[in-house]
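**Student:** My questions concern the predicted model and sequence given below.
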Amino acid sequence: MQEDKNLKSLLSKYAMQEPSEEFDNNIMQLIEKSKLTQPSFLINRLLLRVLAGLFAIISIALVATSFFAKPKTYPINFSISFSPDLYKQLFSFIVAFWIVMFINLWCNKRNKMAIE
Amino acid sequence: MNQTEQQIIDNILAGNTNAYHALVTRYRNMVFTLVYNILLNREDAEEIAQDVFVKAYKNLASFKGASAFSTWLYRIAVNTALNKKKIKTFATSVIEENFEHEQHTDIDDLMNQYENNDRKKFVQIAMEQLREDERICLTMYYLNELQVNEIHELTGFSIANIKVLLYRGRKNLYCQLELLLKTEIDNLI
């Protein structure tokens, strides 16, 4: 134990390295710079949350009423027919979108794990 | 007033960027020493140590306090330094436990014959002469004050290996130091 204490004292006194004098200032400058380059949201975060909340409430209300409403109770019969090619394209787009999204999520997770 | 680390972190997360300076001042030498002992190059170590503090600032919100802030910071330091060396983990090898009785002359007596700056120079040269794994274990254990299990988490070395590396590192450091100091004395005579 005494050996440990002696070595700790020796290394703390003589093996501790010191960076240059500008070290702290450089870090603070880099942080200020990174704050300036951080992307800002185009719309207010609170507004975004309110809109998302409203969207969720209206969606749930519509789904809930659709269970009770009979088709003939709707005032207008609204239907659009698309060509089958459009559905194929839409399906391909959704598949490609989610593949890219999962790759992106996986890469982000790896980066975060590397930092942690 | 001496703020606790959690208070400083809360302050930074609340938007007071300048509060981060207190953490930089507290850990600058220890992070720099750790990175330097991995890279053995002052310029690279300075650049990487700065990068470590910037990364830590950007990811401060993800620090949940599961470990000490210092351990979290050292983890970033080790990963960033390893990235710089373009390796994923430290090289490990199975080390046989071969504990012999430590025998070396009293280093303090030899050290006392030199000025402070010379002592610093000799200890640093002796550290650089050590094997990388020994040097890293000694730095983490004695300078960064990490426990053996924390060193295991950061380096990937097994706990048994770390104990042997610490033992061998100590022994080799004393040997190197003794050799350096005696050679210097002989040259002076």
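**Tutor:** Right, received. Where do you want to start? Residues are numbered from 1 along each chain as shown, chains lettered A, B, ... in the order given.

**Student:** okay, the residue in chain A that chain B sits nearest to: pLDDT?
**Tutor:** Nearest to chain B in chain A, going by C-beta to the nearest C-beta, is residue A:14, at a distance of 3.7 Å. The way it works is simple: take the backbone N, C-alpha and C, and place the C-beta from them, glycine included. For residue A:14, the pLDDT comes out at 89.

**Student:** what's the answer for the one 10 residues further on, then?
**Tutor:** Residue-level confidence at residue A:24 comes out at 93, pLDDT.

**Student:** which SSE is it in?
**Tutor:** If you go by DSSP states H and E, residue A:24 is part of helix A:23-37.

**Student:** list the buried ones in that helix?
**Tutor:** A:23, A:24, A:26, A:27, A:28, A:31 (16 or more other C-beta atoms under 10 Å in any protein chain shown).

**Student:** thinking the residue of chain A closest to chain B is in contact with residue B:127, fair?
**Tutor:** No. Residue A:14 is beyond contact range of residue B:127, at 9.1 Å (criterion: C-beta atoms under 8 Å).

**Student:** Just want to know which of those two has more residues nearby.
**Tutor:** Neighbour count, other C-beta atoms under 10 Å in any protein chain shown: between residue A:14 and residue B:127, residue B:127 has more, with 25 against 20.

**Student:** any idea how far the more buried one lies from residue A:10?
**Tutor:** 11 Å (C-beta to C-beta, to the nearest Å).

**Student:** what does residue B:18 give?
**Tutor:** 36 Å.

**Student:** Looking only at neighbour counts, state which of these two leads.
**Tutor:** residue A:10 (19 against 11).

**Student:** Look up which helix or strand the more buried one falls in, please.
**Tutor:** Here residue A:10 is assigned to helix A:2-14, by DSSP H and E.

**Student:** could I have that helix exported to PDB, CA atoms only?
**Tutor:** Provided in PDB are the C-alpha atoms of helix A:2-14 (Å, rounded to 0.1, in the frame of the first residue of the first chain):
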ATOM      1  CA  GLN A   2       2.800   2.400   0.900                       C
ATOM      2  CA  GLU A   3       4.500   1.500  -2.400                       C
ATOM      3  CA  ASP A   4       1.200   2.400  -4.200                       C
ATOM      4  CA  LYS A   5       1.000   5.800  -2.400                       C
ATOM      5  CA  ASN A   6       4.700   6.600  -3.200                       C
ATOM      6  CA  LEU A   7       4.200   5.800  -6.800                       C
ATOM      7  CA  LYS A   8       1.000   7.800  -7.000                       C
ATOM      8  CA  SER A   9       2.700  10.800  -5.400                       C
ATOM      9  CA  LEU A  10       5.700  10.400  -7.800                       C
ATOM     10  CA  LEU A  11       3.500  10.200 -10.900                       C
ATOM     11  CA  SER A  12       1.200  13.000  -9.900                       C
ATOM     12  CA  LYS A  13       4.100  15.300  -9.300                       C
ATOM     13  CA  TYR A  14       6.200  14.400 -12.300                       C
END
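
**Student:** List the contacts of the helix or strand of chain A with the lowest mean pLDDT.
**Tutor:** Ranked by mean pLDDT, DSSP states H and E, the weakest helix or strand in chain A is helix A:2-14, scoring a mean of 84. Identification of contacts with helix A:2-14 by C-beta atoms under 8 Å, 6 or more residues apart in numbering or on different chains yields B:102, B:107-108, B:111, B:119-120, B:122-124, B:127, B:138, B:142-143, B:170, B:173.

**Student:** ChimeraX command for the buried members of these?
**Tutor:** A single ChimeraX command is used to select the members of these judged buried by 16+ other C-beta under 10 Å:
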select /B:107,111,119,120,122,123,124,127,138,142,143,170,173
